[in-house]
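Here is a sequence with its predicted model. Questions after.
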Amino acid sequence: MNYLYYYVRHMDEREVCQLEMHALFGEASPKPYIISERLLEPSRSPFIKGRLAVWIQAHTEEELRERVAKYTFPIDETYKLTCLNEVDFDDEKKWSHTQRRQIERSVGTAITGEVDLHNPTVELGVIYLEGMYYFGAVQRGEAIWFQHQQKPRMYSTALSSRLARAIVNIAIPDIEVVDKVIDPCCGIGTVLVEALSMGVPIEGSDVNPLVCDGSRENISHFGYEANVTLCPIEQVAGQYDVAIIDLPYNLFTHVTDEQLTSILESAYRIASRVVFVAIESVEEQLQQIGFTIVAEAIARKAKFERKILVCER
């Protein structure tokens, strides 16, 4: 079965969104939706608004009605139909309330299953994109990252929860194939919280005792558990499948060129795949150390830019 994932992102987020989509689905699309055979929980991505199991496709409303009328709906379920054109999808502008209710009535009356507008067991969706109607069961995405914005411990230069969640997906598209992940410059634990909420086996470390305490408090606040160790990346032992590193750059954690090189070399030593977040150019240093940069994007917020570099050794 095919699934249509429809998503919403700001202009500044498009590069990151496309990189995340490529990681999760093996291809990137400039369009506000992607169709894939992969069954993915829509709440994993901060950009995915929902997932539609594509039962029926049609070019016209009349054709859609005819196909829905012939479709066999399980008799032990109850249904409600919602038009999903509730927001702009790039050039496909938001449909008016009247337009949405009209197609819900038109197509909804063709459904042969039992309808329950107040407490259905299955929510059905219809969405119109680029000249095609798509119909099927819909699962809405939950903005879990939004709940994580209100942390007991905050840090002015930390990644946003929304960006951190996307970076975790970019770094680890298939959670079930990784056993050990680390954020060795974890700060107050923004990446750790997002990763833990998705079931990623992650741990953290940092050289700053205050932020280590803050990270532990934030993790506990949301009901998660993870080891957070006070140590520099140079002292991290063992091998990890993936590392996620937001390179230090502010006045309180300024690093020299030598210290930066040491961080990059240590990352190469401990993990076969590393996603770096940087505000300065480090590509040449990464390549000199032995990394191959396999993908990249720029995350923008006003005039501030962060580079996301996906590296493998």
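Received it, and whenever you're ready, just let me know what you need. Residues are numbered from 1 along each chain as shown.

Hmm, residue 78 and residue 120 touching each other?
Yes. Applying CB atoms under 8 Å, one finds residue 120 in contact with residue 78, separated by 4.8 Å. (Each C-beta comes from the backbone N, C-alpha and C, glycine too.)

Now tell me which helix or strand of the protein has the poorest mean pLDDT.
strand 114-115 (a mean of 91; mean pLDDT, DSSP states H and E).

That one: partners in the sheet, and parallel or antiparallel?
Using DSSP bridges, strand 114-115 pairs in its sheet with strand 78-83 (parallel).

Measure how far the strand it pairs with is from the centre of its chain, please.
Between the centre of strand 78-83 and the centre of its chain there are 26 Å (CA atoms, centre = their mean, to the nearest Å).

What's the first helix or strand after that strand?
Next along the chain after strand 78-83, taking DSSP states H and E as the criterion, comes helix 97-108.

buried residues in that next one?
For helix 97-108, the neighbour count (16 or more other CB atoms under 10 Å) marks 100, 103, 104, 106, 107, 108 as buried.

Tell me the one of the residues you listed nearest residue 38?
The closest of those to residue 38 turns out to be residue 107 (CB to CB; 26.7 Å).

Who are the contact partners of the closest one?
Neighbour list for residue 107: 61, 64, 65, 68, 81, 126, 135 [criterion: CB atoms under 8 Å, 6 or more residues apart in numbering].

Could you export those as a markdown table, including pLDDT?
Output for those, formatted as a markdown table (pLDDT from 0 to 100):
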| residue | pLDDT |
| --- | --- |
| 61 | 97 |
| 64 | 98 |
| 65 | 98 |
| 68 | 97 |
| 81 | 98 |
| 126 | 98 |
| 135 | 99 |
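
Out of these, who's the most crowded?
Of all those, the highest neighbour tally under other CB atoms under 10 Å goes to residue 126, namely 26 neighbours.

what separates that one from residue 92, distance-wise?
Using CB to CB, to the nearest Å, residue 126 is found at 13 Å from residue 92.

quick one: average pLDDT of stretch 203-214?
Averaged across stretch 203-214, pLDDT comes to 96.

Just the residues contacting it, thanks.
If you take CB under 8 Å, 6+ apart as the criterion, stretch 203-214 is touched by 153, 155, 180-189, 191-192, 215, 226-233, 236, 253.

among those, which are in helices?
191, 192, 215 (DSSP state H).

hang on, the earlier thing: show me which of the contacts of stretch 203-214 are buried.
If we count by 16+ other CB under 10 Å, these have these buried: 153, 155, 181-189, 191-192, 215, 226, 228, 233, 236.

List the ones among those residues that fall in strands.
181, 182, 183, 228 (DSSP state E).

Now tabulate the residues you listed in TSV and tack on pLDDT.
What follows is these, written out as TSV (pLDDT from 0 to 100):
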residue	pLDDT
181	99
182	99
183	98
228	98
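
Which of these sits closest to residue 274?
Nearest to residue 274 among those, with distances taken as CB to CB, is residue 182, at 9.7 Å.

Next one: the residue nearest the centre of the chain from residue 126, what distance?
Centroid-nearest residue in the chain, with CA atoms, centre = their mean: residue 45, separated by 2.5 Å. Separation of residue 45 from residue 126 (CB to CB) stands at 22 Å.

Show the model's pLDDT score for the nearest residue to residue 138 once chain neighbours are set aside.
Leaving aside its sequence neighbours, residue 138 sits nearest to residue 125 (CB to CB, 6 or more residues apart in numbering; 3.3 Å). At residue 125, the model reports a pLDDT of 98.

ok, back up a step: tell me the helix or strand right after the least confident helix or strand of the chain.
The helix or strand immediately downstream of strand 114-115 is strand 122-129, counting by DSSP H and E.

Noted, bye for now.
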